[in-house]
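J.: Whatever this is, show me its structure:
(chains A and B)
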Amino acid sequence: MADKGTYYLTTAIAYTSGKPHIGNTYEAVLADSIVRFKRQEGYDVRFQTGTDEHGQKIELKAEEAGITPKQFVDDVSGEIKSIWDLMNTSYDKFIRTTDDYHEKQVQKIFKKLYEQGDIYKGYYEGMYCTPCESFFTSSQLVDGKCPDCGRECQPAKEEAYFLKLSKYTDRLIEHINTHPEFIQPESRKNEMMNNFLLPGLQDLCVSRTSFKWGIPVDFDPDHVVYVWLDALSNYITGLGFDLDGNNTPENGEDLFAKFWPADLHLIGKDILRFHTIYWPIMLMALDLPLPKQIFGHPWLLQGDGKMSKSKGNVLYADDLVNMFGVDAVRYFVLHEMPFENDGVITWELMVERMNSDLANTLGNLVNRTISMTNKYLGGVAEDKGVTEDVDADLKALVLGAKDKVVAKMDKLRVADAITEVFTIFKRCNKYIDETEPWILGKDEAKKDRLSTVLYNLIESITIGASLLKSFMPETTEKILAQLNATERELDDMDKFGGYVSGTKVTDKPEILFMRLDVKEVLAKAEEIQAAQAEANGAPQEEEEVIDIEAKPEITFDDFMKLQFQVGEIIACEEVKKSKKLLCSQVKIGSEVKQIVSGIKQHYSAEEMVGKKVMVLVNLKPAKLAGVLSEGMLLCAEDAEGNLALMTPEKKMPTGAEIC
RNA sequence: GGCGGAAUAGCUCAGUUGGCUAGAGCACACGGUUCAUACCCGUGGUGUCAUGGGUUCAAAUCCCUUUUCCGCUACCA
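T.: Here you go, the predicted model:
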């Protein structure tokens, strides 16, 4: 096999705040199928994945669980690794951002950038929510309030270190413009350019003092390194990179020298900005070469309703594998994912693909071929050279498949590549109909033709199964074992006839993929959902309790300053410019007030009309999204941010005082 | 609000620089077949290619109107 050079691929490192669902798992499988194919093509491959383990969220989760952050991330990282293993991903390196060599290099990088003036100390200004201990930008606020808890935020500032981005912006724009393949899919390029690069970048905050669970800034111990400088560096620290040039070799090899720059960073489309702007600038500041390509893949979404842990309808890889098997799940996530748009996953769609593609087209083909070989030829198909016109068409298609798959994979069109492989199997099924072996089998004079036909089939399936290896490695093995064939190298796929004539196939063909009944699968899925809901949401449903931060005590006089009345909503419309606001005309006594509320996601304008609600009447009028609001509709809010309007429990006239 | 993208068969989508009767898969119907996991093969669409207009010998493909959906909008990992 030709030596094609090196190929270094990374996935994003998974955040260890909880068990990854099938959407996260997809990325690992996609990456795996790409690197497996590269290996098949003859590249010297390095495949790195891992976990991102720092941050405030983890500190809080660990505290909730009553364990140390390290214990917490050890558990979750282990779970993620075991899912990656379950999915048969062939990573060479599983990095953790709590690994000591990583932490050490991040500290060195931080210090160097500080010393050369690319990182400076300043103040991080923003809106601060005291109970949540979180900073937000003004654009993140919802109606001027904390997006997490809905309470007022105060302008505040915190000492922080910043990475200067402006210095490298022009170079980055130049790089992006001269390397059209750098950002994939290309449509994302515009978003980065128009929203960030061209208007000018704000400097990036790279340290925090508000929590401790992070890599300490060694020369300023009040600070921990914040998120991206830590997380993104994994791509080089995982190769043994050392800032002073003393790279740590692995098995005697300097991997950084060998594999950097990366050929592909495979990430979700939501973190493209960090990989196409901040990471390249960090590398420029370190005077290191930029990765060759960054591909922001689309998401795999749940079909029926939003994924929610409390509903118990989150799909996890292990549940799917239990139901369908590893390769079927791999096939599904790879096949169902279009290139630029999000894909959909449901139990029904899984069953459909499983039955029609895997059981019917592929599994049944292998099965019928082997059973005919046994039935008519005692399990031994020989190439007797008795050909007919139909053979040429079959051979042409089978031999042409490799180049098509290669072309698709070069463009990272993995779903299309799999489809190309399956055209082989479909063509084989047609070939059986064209040649009708069961008729040949009845005529002793046609035995040589029959043998040739079955040989052609076995040879075609051998090639098809070998091409399938990157996507469904276990299936490839099973098929080849049943045919007693050896795997065909990619370079040998331009010749027909590699299968050793006269080999005996298995006399006990195993079913590769069992057909499934949709109803049975859905019934089992419901059991899984119920179990999940019980594990995650049951206590909440029984009796959910919410504790909120206590506000300072007020006097009765303070309370009496507030005027609450029953109001009737007589008209309501959406505020056009806003995603969250509804504008209501509220009749309070004989007066009508206009009130804007952030409840569009919970109530439609139509259903608002006619409701009697609790209104804070003497609130100072304010403009929300340019619309005047003369009061406030009061709502109860649960932990997930769902709102419920307060309405009088008995019939009350509009204008009635609430006291 | 700003920038960008998309609207094609019941469903999911292909349609390269404008050019032969607009395609694939799934689903559905009918026919064939029986080696096989009730499987496989064949046949079947009058689709206003979202809308209205324009450029052209020729437009799903280029330009403009309108409508609807979607993405991004900065420090969230």
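J.: Those residues of the stretch 401-550 of chain A touching RNA strand B, which are they?
T.: A:426, A:429-430, A:432-433, A:436-439, A:511-515 (C-beta under 7 Å from any atom of the strand). Where you see a C-beta, it was placed from the backbone N, CA and C, and this is true even at glycine.
J.: Just the buried ones out of these, please.
T.: A:429, A:432, A:437, A:512-513 (16 or more other C-beta atoms under 10 Å).
J.: For the strand or helix carrying A:Gly567, which strands pair with it and how are they oriented?
T.: A:Gly567 is part of strand A:564-574 when elements are defined by DSSP states H and E. In the sheet, strand A:564-574 lines up against strand A:582-588 (antiparallel), strand A:612-616 (antiparallel), strand A:657-658 (antiparallel) (DSSP bridges).
J.: Adding mean neighbour count and distance to A:Ser187, write those out as TSV.
T.: Listed next are the strands paired with strand A:564-574 as TSV, based on neighbours: other C-beta atoms under 10 Å; distance: least, C-beta to C-beta, whole Å:
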stretch	mean neighbour count	distance to A:Ser187
strand A:582-588	22	33
strand A:612-616	21	44
strand A:657-658	14	53
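J.: Could you export these as a markdown table, including mean pLDDT and distance to A:Ala62?
T.: Shown next, in a markdown table, are those (pLDDT from 0 to 100; distance: least, C-beta to C-beta, whole Å):
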| stretch | mean pLDDT | distance to A:Ala62 |
| --- | --- | --- |
| strand A:582-588 | 83 | 40 |
| strand A:612-616 | 87 | 39 |
| strand A:657-658 | 83 | 43 |
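J.: Of all the ones you listed, which one comes closest to RNA strand B?
T.: For the strands paired with strand A:564-574, distance to RNA strand B was read as C-beta to the nearest atom of the strand. The smallest value, 14.6 Å, belongs to strand A:582-588.
J.: Run a quick neighbour tally on the nearest residue to A:Gly502 once chain neighbours are set aside.
T.: Leaving aside its sequence neighbours, A:Gly502 sits nearest to A:Glu382 (C-beta to C-beta, 6 or more residues apart in numbering; 5.0 Å). Around A:Glu382 there are 15 other residues, counting by other C-beta atoms under 10 Å.
J.: now do A:Thr486
T.: Neighbours of A:Thr486 (other C-beta under 10 Å): 13.
J.: Please name the residues that touch it.
T.: A:Leu480 (C-beta atoms under 8 Å, 6 or more residues apart in numbering).
J.: Checking the residue in chain A that RNA strand B sits nearest to next. Helix, strand or coil?
T.: Here the residue of chain A nearest RNA strand B is A:Gly363; by C-beta to the nearest atom of the strand that distance is 1.7 Å. Under DSSP: H, G, I helix; E, B strand; the rest coil, A:Gly363 falls in the helix class.
J.: how about it, what does it touch?
T.: By C-beta under 8 Å, 6+ apart, the residues touching A:Gly363 are A:511-513.
J.: And for A:Leu266?
T.: A:9-12, A:27, A:30-31, A:34, A:295, A:297.
J.: how about 10 Å then?
T.: A:Leu266 is in contact with A:9-12, A:27-28, A:30-31, A:34-35, A:47, A:49, A:184, A:275, A:293-297, A:412, counting by C-beta atoms under 10 Å, 6 or more residues apart in numbering.
J.: Same question for A:Phe219.
T.: A:107, A:110-111, A:114-115.
J.: Can you flag the buried ones in those?
T.: The buried subset of these - by 16+ other C-beta under 10 Å - is A:107, A:110-111, A:114.
J.: Which of the residues you listed sits closest to A:Thr373?
T.: Proximity of the buried ones among the contacts of A:Phe219 to A:Thr373 (C-beta to C-beta) peaks at A:Gln107, which lies at 64.1 Å.
J.: excluding its backbone neighbours, what's nearest that closest one?
T.: That would be A:Asp218: by C-beta to C-beta, 6+ apart, it lies 4.9 Å from A:Gln107.
J.: Give me the subset of the contacts of A:Gly363 lying in strands.
T.: Among the contacts of A:Gly363, no member falls in strands (criterion: DSSP state E).
J.: got CSV for these, with pLDDT too?
T.: Converted to CSV, those look like this (pLDDT from 0 to 100):
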residue, pLDDT
A:Ile511, 93
A:Leu512, 95
A:Phe513, 93
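J.: on that earlier part again, so what's the residue of chain A closest to RNA strand B scoring on pLDDT?
T.: Looking at A:Gly363, its pLDDT stands at 95.
J.: Equivalent analysis for A:Thr209, please.
T.: 88.
J.: and it, how many neighbours does it have?
T.: 16.
J.: so what's it closest to, chain neighbours aside?
T.: A:Asp222 (5.1 Å).
J.: quick one: the strands in the stretch 501-650 of chain A?
T.: A:564-574, A:582-588, A:591-597, A:612-616, A:622-624, A:627-629, A:632-633, A:635-637, A:643-645 (DSSP state E, counting those that start in this stretch).
J.: Save these as JSON lines, and put in distance to RNA strand B too.
T.: Listed next are those as JSON lines, based on distance: least, C-beta to the nearest atom of the strand, whole Å:
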{"stretch": "strand A:564-574", "distance to RNA strand B": "11"}
{"stretch": "strand A:582-588", "distance to RNA strand B": "15"}
{"stretch": "strand A:591-597", "distance to RNA strand B": "16"}
{"stretch": "strand A:612-616", "distance to RNA strand B": "27"}
{"stretch": "strand A:622-624", "distance to RNA strand B": "14"}
{"stretch": "strand A:627-629", "distance to RNA strand B": "13"}
{"stretch": "strand A:632-633", "distance to RNA strand B": "24"}
{"stretch": "strand A:635-637", "distance to RNA strand B": "20"}
{"stretch": "strand A:643-645", "distance to RNA strand B": "20"}
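J.: rank the ones you listed by mean pLDDT and give me the bottom one.
T.: Lowest mean pLDDT of the strands of the stretch 501-650 of chain A: strand A:622-624, a mean of 68.
J.: tell me the domain boundaries of chain A?
T.: Here the domain parsing of chain A from automatic domain parsing is A:344-546, A:556-658.
J.: Show me which residues of the helix or strand A:Asp433 falls within are buried.
T.: A:Asp433 belongs to helix A:414-435 when assigned by DSSP H and E. By neighbour count on 16+ other C-beta under 10 Å, the buried set for helix A:414-435 is A:414-422, A:424-425, A:427-429, A:431-432, A:435.
J.: Now do the same for A:Lys292: helix, strand or coil?
T.: Applying three-state DSSP: A:Lys292 is coil.
J.: That one: neighbour count?
T.: Neighbour tally, A:Lys292, other C-beta under 10 Å: 15.
J.: Spit out the contact partners of it.
T.: For A:Lys292, the contact set (C-beta under 10 Å, 6+ apart) comprises A:7-8, A:179, A:181-182, A:261-265.
J.: Quick check: A:Thr647 touching A:Met614?
T.: Yes: A:Thr647 lies in contact with A:Met614 (C-beta atoms under 10 Å); the separation is 7.2 Å.
J.: Between those two, which contacts overlap?
T.: Common neighbours of A:Thr647 and A:Met614 (C-beta under 10 Å, 6+ apart) are A:566, A:634.
J.: element containing A:Leu320?
T.: A:Leu320 is part of helix A:317-324 when elements are defined by DSSP H and E.
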